[in-house]
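1. Pasting the sequence and the predicted model now:
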Amino acid sequence: MSKRRPLVAGNWKMHGLKASVAEFGRIAAGYDAALKAKVDLLVCPPATLMSTLAVAALGTRIGIGGQDCHAKESGAYTGDIAAEMIADTGAVAVILGHSERRADHNETDAMARAKVLAAWRASLTAILCVGETHAERDAFRALDVVRSQLSGSLPDGATAANTVIAYEPVWAIGTGRTPTLGDIEEMHGVIRAELRVRFGDDADDMRLLYGGSVKPENAAEILAVADVDGALVGGASLKADTFLAIARAYL
Ligand SMILES: O=C[C@H](O)COP(=O)(O)O
(Lines give C-alpha, C1' and ligand atoms only; values in the text may rest on other atoms or scores of the structure.)
Protein backbone atom coordinates (compact mmCIF):
# COMPACT_ATOMS: atom_id res chain seq x y z
CA MET A 1 0.00 0.00 0.00
CA SER A 2 1.23 3.43 -0.93
CA LYS A 3 2.50 5.79 1.76
CA ARG A 4 1.90 8.86 -0.36
CA ARG A 5 0.86 11.91 1.61
CA PRO A 6 -0.64 14.69 -0.48
CA LEU A 7 1.46 17.79 -1.14
CA VAL A 8 0.14 21.18 -2.17
CA ALA A 9 3.04 23.35 -3.30
CA GLY A 10 2.85 27.05 -4.14
CA ASN A 11 5.15 28.51 -6.76
CA TRP A 12 5.18 32.25 -6.25
CA LYS A 13 7.29 32.75 -9.39
CA MET A 14 8.50 36.39 -9.66
CA HIS A 15 5.90 37.69 -7.23
CA GLY A 16 6.44 38.88 -3.70
CA LEU A 17 8.06 41.69 -1.75
CA LYS A 18 8.64 41.96 1.99
CA ALA A 19 4.92 42.65 2.40
CA SER A 20 4.23 39.10 1.26
CA VAL A 21 5.64 37.75 4.51
CA ALA A 22 2.28 38.72 6.04
CA GLU A 23 0.50 36.63 3.39
CA PHE A 24 2.70 33.70 4.33
CA GLY A 25 1.66 34.31 7.94
CA ARG A 26 -1.96 33.97 6.88
CA ILE A 27 -1.17 30.68 5.16
CA ALA A 28 0.54 29.43 8.31
CA ALA A 29 -2.35 30.59 10.49
CA GLY A 30 -4.85 28.74 8.30
CA TYR A 31 -2.83 25.52 8.22
CA ASP A 32 -4.81 24.07 11.07
CA ALA A 33 -4.69 20.68 12.74
CA ALA A 34 -7.20 19.18 10.32
CA LEU A 35 -5.12 20.21 7.31
CA LYS A 36 -1.86 19.18 8.95
CA ALA A 37 -3.30 15.72 9.46
CA LYS A 38 -4.04 15.32 5.76
CA VAL A 39 -1.73 17.36 3.53
CA ASP A 40 1.79 18.76 3.34
CA LEU A 41 2.26 22.39 2.30
CA LEU A 42 5.27 23.89 0.55
CA VAL A 43 5.76 27.53 -0.45
CA CYS A 44 8.39 28.44 -3.06
CA PRO A 45 8.95 32.22 -2.92
CA PRO A 46 11.40 34.22 -5.00
CA ALA A 47 15.00 33.81 -3.82
CA THR A 48 14.93 37.21 -2.12
CA LEU A 49 12.32 35.97 0.37
CA MET A 50 13.55 32.45 0.97
CA SER A 51 15.54 33.12 4.13
CA THR A 52 12.85 35.29 5.65
CA LEU A 53 10.11 32.76 4.96
CA ALA A 54 12.27 29.88 6.15
CA VAL A 55 12.46 31.64 9.52
CA ALA A 56 8.76 32.51 9.46
CA ALA A 57 8.00 28.85 8.69
CA LEU A 58 9.79 27.50 11.76
CA GLY A 59 7.32 25.53 13.84
CA THR A 60 4.57 25.71 11.20
CA ARG A 61 5.36 22.43 9.41
CA ILE A 62 5.20 24.33 6.10
CA GLY A 63 8.22 23.68 3.90
CA ILE A 64 9.98 26.41 1.95
CA GLY A 65 11.45 25.77 -1.48
CA GLY A 66 13.42 27.46 -4.23
CA GLN A 67 12.39 27.87 -7.85
CA ASP A 68 15.66 26.99 -9.58
CA CYS A 69 19.31 26.33 -8.78
CA HIS A 70 22.65 26.17 -10.54
CA ALA A 71 24.16 22.74 -11.09
CA LYS A 72 27.48 23.69 -9.47
CA GLU A 73 28.14 24.08 -5.76
CA SER A 74 29.86 27.46 -6.13
CA GLY A 75 31.82 29.48 -8.66
CA ALA A 76 31.89 32.49 -10.94
CA TYR A 77 28.24 32.36 -12.00
CA THR A 78 26.88 35.86 -11.56
CA GLY A 79 23.25 35.93 -10.58
CA ASP A 80 22.96 32.20 -9.99
CA ILE A 81 22.15 30.36 -6.78
CA ALA A 82 23.57 27.00 -5.71
CA ALA A 83 21.41 24.26 -4.26
CA GLU A 84 23.60 24.47 -1.15
CA MET A 85 22.65 28.14 -0.76
CA ILE A 86 18.96 27.24 -0.97
CA ALA A 87 19.44 24.56 1.67
CA ASP A 88 21.41 27.05 3.76
CA THR A 89 18.35 29.29 4.04
CA GLY A 90 16.44 26.46 5.68
CA ALA A 91 14.54 25.53 2.52
CA VAL A 92 13.90 21.86 1.89
CA ALA A 93 13.04 21.64 -1.79
CA VAL A 94 13.59 23.24 -5.18
CA ILE A 95 11.47 23.36 -8.32
CA LEU A 96 13.50 22.32 -11.36
CA GLY A 97 12.88 22.15 -15.09
CA HIS A 98 9.82 24.38 -14.91
CA SER A 99 8.55 25.15 -18.41
CA GLU A 100 9.16 28.86 -17.81
CA ARG A 101 12.84 28.05 -17.19
CA ARG A 102 12.89 25.75 -20.21
CA ALA A 103 11.32 28.44 -22.44
CA ASP A 104 12.86 31.64 -21.07
CA HIS A 105 16.33 30.31 -20.25
CA ASN A 106 16.67 27.59 -22.85
CA GLU A 107 16.95 24.89 -20.22
CA THR A 108 17.28 21.40 -21.65
CA ASP A 109 16.53 18.04 -20.10
CA ALA A 110 20.27 17.59 -19.56
CA MET A 111 20.46 20.86 -17.64
CA ALA A 112 17.44 19.96 -15.54
CA ARG A 113 19.05 16.57 -14.84
CA ALA A 114 22.26 18.23 -13.62
CA LYS A 115 20.21 20.49 -11.37
CA VAL A 116 18.31 17.53 -9.90
CA LEU A 117 21.66 15.98 -9.00
CA ALA A 118 22.68 19.30 -7.43
CA ALA A 119 19.48 19.37 -5.38
CA TRP A 120 20.14 15.84 -4.10
CA ARG A 121 23.78 16.76 -3.34
CA ALA A 122 22.41 19.53 -1.08
CA SER A 123 19.79 17.20 0.47
CA LEU A 124 16.94 19.11 -1.14
CA THR A 125 13.86 17.44 -2.60
CA ALA A 126 13.79 18.07 -6.35
CA ILE A 127 10.38 18.97 -7.74
CA LEU A 128 10.96 18.09 -11.36
CA CYS A 129 8.49 19.58 -13.85
CA VAL A 130 7.49 17.97 -17.11
CA GLY A 131 4.73 18.77 -19.56
CA GLU A 132 3.81 19.13 -23.20
CA THR A 133 2.97 22.20 -25.26
CA HIS A 134 -0.43 22.58 -26.87
CA ALA A 135 0.99 21.80 -30.30
CA GLU A 136 2.47 18.59 -28.93
CA ARG A 137 -0.88 17.58 -27.42
CA ASP A 138 -2.68 18.40 -30.66
CA ALA A 139 -0.22 16.20 -32.48
CA PHE A 140 -0.94 13.34 -30.03
CA ARG A 141 2.65 13.52 -28.83
CA ALA A 142 1.98 14.53 -25.20
CA LEU A 143 2.70 11.12 -23.69
CA ASP A 144 5.89 10.64 -25.69
CA VAL A 145 7.12 14.15 -24.89
CA VAL A 146 6.67 13.63 -21.16
CA ARG A 147 8.25 10.16 -21.29
CA SER A 148 11.23 11.67 -23.05
CA GLN A 149 11.49 14.58 -20.58
CA LEU A 150 11.41 12.11 -17.71
CA SER A 151 14.09 9.88 -19.12
CA GLY A 152 16.27 12.89 -20.00
CA SER A 153 15.92 14.85 -16.80
CA LEU A 154 15.38 12.36 -14.00
CA PRO A 155 18.64 10.69 -12.96
CA ASP A 156 18.95 7.21 -11.47
CA GLY A 157 18.74 7.40 -7.71
CA ALA A 158 15.34 9.04 -7.43
CA THR A 159 13.41 8.13 -4.29
CA ALA A 160 10.14 9.19 -2.74
CA ALA A 161 12.14 11.32 -0.30
CA ASN A 162 14.35 13.16 -2.78
CA THR A 163 12.01 13.60 -5.75
CA VAL A 164 8.54 14.85 -6.60
CA ILE A 165 7.34 14.93 -10.21
CA ALA A 166 5.06 17.75 -11.33
CA TYR A 167 3.08 17.28 -14.53
CA GLU A 168 2.38 20.75 -15.90
CA PRO A 169 0.97 21.02 -19.41
CA VAL A 170 2.56 24.22 -20.69
CA TRP A 171 -0.72 25.39 -22.22
CA ALA A 172 -2.54 25.09 -18.90
CA ILE A 173 -0.17 27.34 -16.96
CA GLY A 174 -1.74 30.66 -16.08
CA THR A 175 -4.40 30.28 -18.79
CA GLY A 176 -7.41 29.06 -16.84
CA ARG A 177 -7.51 26.02 -19.11
CA THR A 178 -6.96 22.50 -17.81
CA PRO A 179 -6.78 19.09 -19.44
CA THR A 180 -9.75 16.77 -19.04
CA LEU A 181 -9.68 14.66 -15.90
CA GLY A 182 -9.23 11.68 -18.19
CA ASP A 183 -6.16 13.23 -19.79
CA ILE A 184 -4.68 14.01 -16.37
CA GLU A 185 -5.32 10.44 -15.23
CA GLU A 186 -3.78 9.02 -18.39
CA MET A 187 -0.65 11.15 -18.07
CA HIS A 188 -0.16 10.47 -14.36
CA GLY A 189 -0.64 6.77 -15.02
CA VAL A 190 2.03 6.89 -17.70
CA ILE A 191 4.43 8.76 -15.41
CA ARG A 192 3.83 6.23 -12.62
CA ALA A 193 4.44 3.38 -15.05
CA GLU A 194 7.70 4.94 -16.25
CA LEU A 195 8.84 5.39 -12.65
CA ARG A 196 7.97 1.76 -11.87
CA VAL A 197 10.11 0.52 -14.74
CA ARG A 198 13.07 2.45 -13.39
CA PHE A 199 12.59 2.42 -9.63
CA GLY A 200 10.40 -0.60 -8.95
CA ASP A 201 8.11 -0.57 -5.95
CA ASP A 202 9.66 2.73 -4.74
CA ALA A 203 7.73 4.39 -7.56
CA ASP A 204 4.50 3.71 -5.71
CA ASP A 205 5.64 6.05 -2.94
CA MET A 206 6.72 8.93 -5.19
CA ARG A 207 4.42 11.92 -5.31
CA LEU A 208 3.08 13.13 -8.65
CA LEU A 209 1.66 16.66 -8.63
CA TYR A 210 -0.58 18.20 -11.24
CA GLY A 211 0.07 21.86 -12.08
CA GLY A 212 -1.64 24.32 -14.41
CA SER A 213 -4.57 26.60 -13.50
CA VAL A 214 -5.42 24.77 -10.27
CA LYS A 215 -7.94 26.90 -8.36
CA PRO A 216 -10.32 26.33 -5.46
CA GLU A 217 -13.08 25.71 -8.02
CA ASN A 218 -11.38 22.76 -9.74
CA ALA A 219 -9.09 21.45 -6.99
CA ALA A 220 -11.41 18.80 -5.58
CA GLU A 221 -12.01 17.07 -8.90
CA ILE A 222 -8.38 17.27 -10.04
CA LEU A 223 -6.93 16.13 -6.73
CA ALA A 224 -9.31 13.14 -6.70
CA VAL A 225 -7.85 11.79 -9.96
CA ALA A 226 -5.92 8.53 -9.61
CA ASP A 227 -2.16 9.05 -9.24
CA VAL A 228 -2.55 12.77 -8.55
CA ASP A 229 -0.87 13.24 -5.18
CA GLY A 230 -1.17 16.99 -4.94
CA ALA A 231 -0.82 20.20 -6.89
CA LEU A 232 1.84 22.68 -7.95
CA VAL A 233 -0.04 25.96 -7.79
CA GLY A 234 1.03 29.25 -9.35
CA GLY A 235 -1.37 32.19 -9.32
CA ALA A 236 -3.73 30.79 -6.70
CA SER A 237 -0.83 30.28 -4.25
CA LEU A 238 -0.26 34.01 -3.90
CA LYS A 239 -3.25 34.47 -1.62
CA ALA A 240 -3.69 32.49 1.57
CA ASP A 241 -7.43 32.15 0.99
CA THR A 242 -7.16 30.47 -2.39
CA PHE A 243 -4.05 28.43 -1.54
CA LEU A 244 -5.64 27.05 1.61
CA ALA A 245 -8.94 26.44 -0.18
CA ILE A 246 -7.07 24.17 -2.61
CA ALA A 247 -5.46 22.26 0.26
CA ARG A 248 -8.84 21.93 1.93
CA ALA A 249 -10.01 19.82 -0.99
CA TYR A 250 -8.33 17.00 0.96
CA LEU A 251 -10.57 17.41 4.01
O1 LIG B 1 4.40 26.13 -11.06
C2 LIG B 1 3.19 26.40 -11.18
C3 LIG B 1 2.54 26.38 -12.44
O4 LIG B 1 3.31 26.92 -13.45
C5 LIG B 1 1.08 26.66 -12.48
O6 LIG B 1 0.80 28.03 -12.56
P7 LIG B 1 -0.74 28.50 -12.50
O8 LIG B 1 -1.36 27.81 -11.32
O9 LIG B 1 -0.66 29.98 -12.34
O10 LIG B 1 -1.37 28.05 -13.78
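-> Done, it's in. Numbering: from 1, shown residues only.

2. what's near enough to touch the residue of the chain found nearest the ligand?
-> Using CB to the nearest ligand atom, the single residue of the chain nearest to the ligand is Gly234, 2.3 Å away. From N, CA and C alone the C-beta is placed, and that goes for glycine too. Going by CB atoms under 8 Å, 6 or more residues apart in numbering, Gly234 touches Gly10, Asn11, Lys13, Ile173, Gly174, Gly211.

3. if I read this right, the last one contacts Val170, doesn't it?
-> By that I understand Gly211. No: Gly211 is beyond contact range of Val170, at 10.4 Å (criterion: CB atoms under 8 Å).

4. quick one: which of these two has more around it?
-> Set side by side, Gly211 and Val170 show more neighbours around Gly211, with 25 against 22, by other CB atoms under 10 Å.

5. and the more buried one, what are its bridge partners?
-> Bridge pairing for Gly211 (DSSP bridges) gives the partners Leu232.

6. On the pLDDT front, check it for me.
-> Here the pLDDT value assigned to Gly211 is 98.

7. again, but for the one 3 residues further on
-> Residue-level confidence at Val214 comes out at 98, pLDDT.

8. Measure how buried it is and give me the count.
-> Count around Val214 with other CB under 10 Å applied: 28.

9. gap between the residue of the chain closest to the ligand and Ala220?
-> For Gly234, the distance to Ala220 equals 18 Å [CB to CB, to the nearest Å].

10. For the closest residue to Arg121 other than its chain neighbours, give me its contacts.
-> Of all residues not flanking Arg121 in the chain, Ala83 sits nearest, at 6.4 Å (CB to CB, 6 or more residues apart in numbering). By CB under 8 Å, 6+ apart, Ala83 lies in contact with Gly66, Cys69, His70, Glu73, Val94, Lys115, Ala118, Ala119, Arg121, Ala122, Leu124.

11. so where do the strands sit in the stretch 101-250 of the chain?
-> For the stretch 101-250 of the chain, the strands defined by DSSP state E, counting those that start in this stretch occupy 125-130, 163-167, 207-211, 230-233.

12. would JSON lines of the ones you listed with distance to Thr180 be doable?
-> Output for those, formatted as JSON lines (distance: least, CB to CB, whole Å):
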{"stretch": "strand 125-130", "distance to Thr180": "18"}
{"stretch": "strand 163-167", "distance to Thr180": "14"}
{"stretch": "strand 207-211", "distance to Thr180": "12"}
{"stretch": "strand 230-233", "distance to Thr180": "17"}
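
13. returning to that earlier point: who touches both of Gly211 and Val170?
-> In contact with both Gly211 and Val170: Gly131, using CB under 8 Å, 6+ apart.

14. what about the helices in the stretch 1-150 of the chain?
-> Assigned by DSSP state H, counting those that start in this stretch, the stretch 1-150 of the chain shows helices spanning 20-30, 33-38, 47-56, 83-88, 99-104, 109-121, 134-138, 142-153.
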